[in-house]
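Asks: Predicted model, plus sequence, below.
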Amino acid sequence: MIHVHYFARYREALGIDAEQLAWEEGFARLDDLRRHLLARGGDWAVLGERNLMCARNQELCGLDEPLTDGDEVAFFPTVTGG
Amino acid sequence: MGIRVQAGAFDPGAELNALHAANVGVGAVVGFVGYVRDFNEGREVGGMFLEHYPGMTEKALGKIADEAAQRWPLLRLEILHRIGRLEPGEPIVFVGTASAHRQAAFDACAFVMDYLKTRAPFWKKEDTGEGPRWVEGRDSDQEAARRW
């Protein structure tokens, strides 16, 4: 199982803040999961944005980050706190 | 080292004074306070909502604080960030550093803010005259973080 979170503008665009996906062998890296979600089409195109940020198990990472069954993943736009 | 993420208001003066707290080894205290403006990119802002990623926020701020503590000889470091609904004029973030000499305190404070702006999972949604609008990340913030 992969736990996926969406924040801020992405959460609103997708109309969902979190979901659980059954683990698939094809989810070798975070980008594989992102492409799987992009393939849903429509609003999911936000995950194709150039400035997309992501985290694995609550740590910022790149799209080439390896994934493991049970991981928590998050996708979000650039951060704007401070 | 202190990390706080809270909805409630805070008193910047009290935070600044607490960094010294009768530690006579402290020769320099530097504090940064970020406030909610009533304008942004030419539009009036009536207030904002601060969203964050519970769990990751504390970890991300802790990591930034640890890195600052490794790079500069700090005696104290405090990071306080608010979440939820905020009005114009309210303080939104506080970063305070204390050290024996001023340069470490100045540099560490600037470093923490630059890293926080680019690596801590907070997002601002402003109320403008044309409705709510998510604030977009700035390239200049990314550049500021790269100088460290």
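Replies: The structure has been received and is ready for your questions.

Asks: What's the local residue count around residue B:126?
Replies: 24 (other Cβ atoms under 10 Å in any protein chain shown). Backbone N, C-alpha and C define where each C-beta goes, glycine included.

Asks: That one - that's part of a helix, no?
Replies: No - going by DSSP: H, G, I helix; E, B strand; the rest coil, the assignment for residue B:126 is strand, not a helix.

Asks: Find me the pLDDT at it, would you?
Replies: pLDDT recorded at residue B:126 is 93.

Asks: That one pairs with what?
Replies: Legend: beta-bridge partners of residue B:126 under DSSP bridges are residue B:48, residue B:133.

Asks: For residue B:43, see how far away it is.
Replies: As judged by Cβ to Cβ, to the nearest Å, residue B:126 and residue B:43 stand 8 Å apart.

Asks: Could you tell me which residues touch both of the two?
Replies: Residues touching both residue B:126 and residue B:43 (Cβ atoms under 8 Å, 6 or more residues apart in numbering or on different chains) are residue B:133.

Asks: I'd say residue B:31 and residue B:15 touch.
Replies: Yes - using Cβ atoms under 8 Å as the test, residue B:31 is close enough to residue B:15 to be in contact (6.8 Å).

Asks: And stretch B:125-145, what's buried?
Replies: By neighbour count with 16 or more other Cβ atoms under 10 Å in any protein chain shown, stretch B:125-145 contains the buried residues B:125-128, B:133-135, B:137, B:141, B:144-145.

Asks: what about residue 68, neighbour count?
Replies: If you meant another chain, say so; for now it's chain A. If you count neighbours by other Cβ under 10 Å, residue A:68 ends up with 11.

Asks: Can you look at chain B instead?
Replies: When neighbours are counted by other Cβ under 10 Å, residue B:68 comes out with 24.

Asks: How about the spatially most central residue of chain B: what's its closest non-neighbour residue?
Replies: Centroid-nearest residue in chain B: residue B:93, 4.0 Å away (criterion: Cα atoms, centre = their mean). Ranked by Cβ to Cβ, 6 or more residues apart in numbering or on different chains and with sequence neighbours excluded, the top spatial neighbour of residue B:93 is residue B:34, at 4.0 Å.

Asks: who's in contact with the strand or helix carrying the one you found?
Replies: Residue B:34 is part of strand B:28-35 when elements are defined by DSSP states H and E. In this structure, residues lying in contact with strand B:28-35 by Cβ under 8 Å, 6+ apart are A:82, B:12, B:15-16, B:19-20, B:89-102, B:104-106, B:108-110, B:113.

Asks: Can you flag which of the residues you listed belong to helices?
Replies: B:12, B:15-16, B:102, B:104-106, B:108-110, B:113 (DSSP state H).

Asks: who touches the residue nearest to the centre of chain B in this structure?
Replies: Residue B:93 sits in contact with A:81-82, B:32-34, B:79-82, B:113, B:116, where contact means Cβ under 8 Å, 6+ apart.

Asks: and residue A:21, what are its bridge partners?
Replies: Legend: beta-bridge partners of residue A:21 under DSSP bridges are residue A:2.

Asks: Just to check, it is in contact with residue A:5?
Replies: No - with contact defined as Cβ under 8 Å, residue A:21 does not reach residue A:5; the gap is 11.9 Å.
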